[in-house]
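Colleague: model the following, please.
(one chain, ligands or ions: 1)
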Amino acid sequence: MENNKFLDYVQAENKVEPKDVMPEDYRKLLVRQISQHAHSEIVGMLPEANWISRAPSLRRKMALLAKIQDEAGHGLYLYAASETLNNGANGADRDSTYNDMLSGKAKYSSIFNYPTLSWADIGAIGWLVDGAAIMNQVMLMGNSYGPYSRAMVRICKEESFHQRQGYEILMTLCKGTKEQKELAQEALNRFWWPALMMFGPNDSDSPNSQKSMNYKVKRESNDDLRQRFIDVTVSQADFLGLKVPDENLKWNEERQHYDFGALPWDEFMEVLKGNGPCNKKRLETKNKAQRENLWVKEAAIAFAEKQNVMSKIA
Ligand code: BYC
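Modeller: This next block holds a predicted model:
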């Protein structure tokens, strides 16, 4: 299909399916984004896993375990969606994709390179990180690639539970002792700016946006989604009795949006270069798990191959 015909096709809100003819740059853009998204889900399990053994009650432990397990499921749907774009020559098979994350070649969301220092951070992750993720992923439900868009539908439903789980942790802390409320405020201070940077660079510095918008992969810009997130989240912070750590945050009557301060983009660039507080630790953990659990994968493959041979003999 010529590129113009393909553009007309996606712009008329048609879905592209795995075996359809598609321009190579569309395929490449999707492999990049879907695989980064899958890595984010998988690496994103680590900061929360840090608190499973220290969750303050059995109920909290069960909810956190269920949430983290959901993230593993999200990673699986997304690796499966990314794999449908493998054309045999573009390195989009599951092992190559995963190895790109393990070697540090592929990106995953910057937010997961920050540590979880207190139980309140688990609340902040659910409220802010899952909250930001939902804002972005609801938009992605309408993306033009069928397998990615369908994966998003289920993921968004589960993320809503995650967001509430986090907010409820913070509500409990904010209704608790002075020290508990301080923990909640400190968590908001730590996670506010990194959560805003999850939406990516400002539109003027976003090299992929134009193409992504044309192909209807992205349907709203990084800045528009970030603004919407701020607009809905400020009143949630007010309800908790917490202060958003931005001196320049102010409702703008004319724009009908909040104005906000400059984001720490230098920090964002450092995190993307691998120099965030936890980048090295995250990759070490994933590589160690890969090494130590390889026998499980090998045993499963050997078993599947044996079953295959047996079924041919029978
Ligand atoms: N972190 O041109 P741009 C979750 C990169 S997990 C790192 O605007 P694009 C959860 C970007 O990749 C859900 N890198 O890019 C899990 C690009 O680099 P390359 C996470 C970032 O793609 C566990 C460059 O910067 N959500 O919810 O048009 C527990 C220029 O950016 C980031 C997703 O993964 C970043 N924050 O737009 C709890 C959403 N931002 O690739 C929760 C899927 C930008 O050219 N992804 N970069 O080398 C997207 O929607 C889009 O890729 C983005 C960026 C909006 C993130």
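Colleague: before we move on, what SS does Tyr258 have?
Modeller: Secondary structure state of Tyr258, per DSSP: H, G, I helix; E, B strand; the rest coil, is strand.
Colleague: what about it, how many residues nearby?
Modeller: 18 (other Cβ atoms under 10 Å). Where C-beta positions appear, they are placed from N, C-alpha and C, glycine not excepted.
Colleague: what sits up against stretch 18-27?
Modeller: Applying Cβ atoms under 8 Å, 6 or more residues apart in numbering, the contact partners of stretch 18-27 are Met1, Asn3, Phe6, Val16, Thr84, Leu85, Asn87, Asn90, Gly146, Pro147, Lys211, Tyr215.
Colleague: write the PyMOL selection for whichever of the residues you listed are buried.
Modeller: Selection of buried members from the contacts of stretch 18-27 for PyMOL, criterion 16 or more other Cβ atoms under 10 Å:
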select buried, resi 6+16+84+85+146+147+215
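Colleague: report the lowest-confidence entry in the contacts of stretch 18-27.
Modeller: Within the set of those, pLDDT is lowest for Met1 (58).
Colleague: so which residues on the stretch 1-150 of the chain come close to the ligand?
Modeller: Contact residues, the stretch 1-150 of the chain versus the ligand (Cβ under 6 Å from any ligand atom): 32-33, 36-37, 40-41, 44, 71, 107, 109-110, 125, 129-130, 133, 136.
Colleague: ranking the residues you listed by neighbours, who comes first?
Modeller: Ile125 (28 neighbours).
Colleague: that one touches Phe191, doesn't it?
Modeller: Yes: with contact defined as Cβ atoms under 8 Å, Ile125 reaches Phe191; the gap is 7.0 Å.
Colleague: may I have the phi/psi pair for the residue of the chain found nearest the ligand?
Modeller: For the chain, the residue closest to the ligand is Gly44, as judged by Cβ to the nearest ligand atom, at 2.4 Å. Backbone geometry at Gly44, expressed as degrees, to the nearest 10, gives phi -60, psi -10.
Colleague: same deal with Tyr145?
Modeller: Main-chain dihedrals, Tyr145, degrees, to the nearest 10: phi -90, psi 110.
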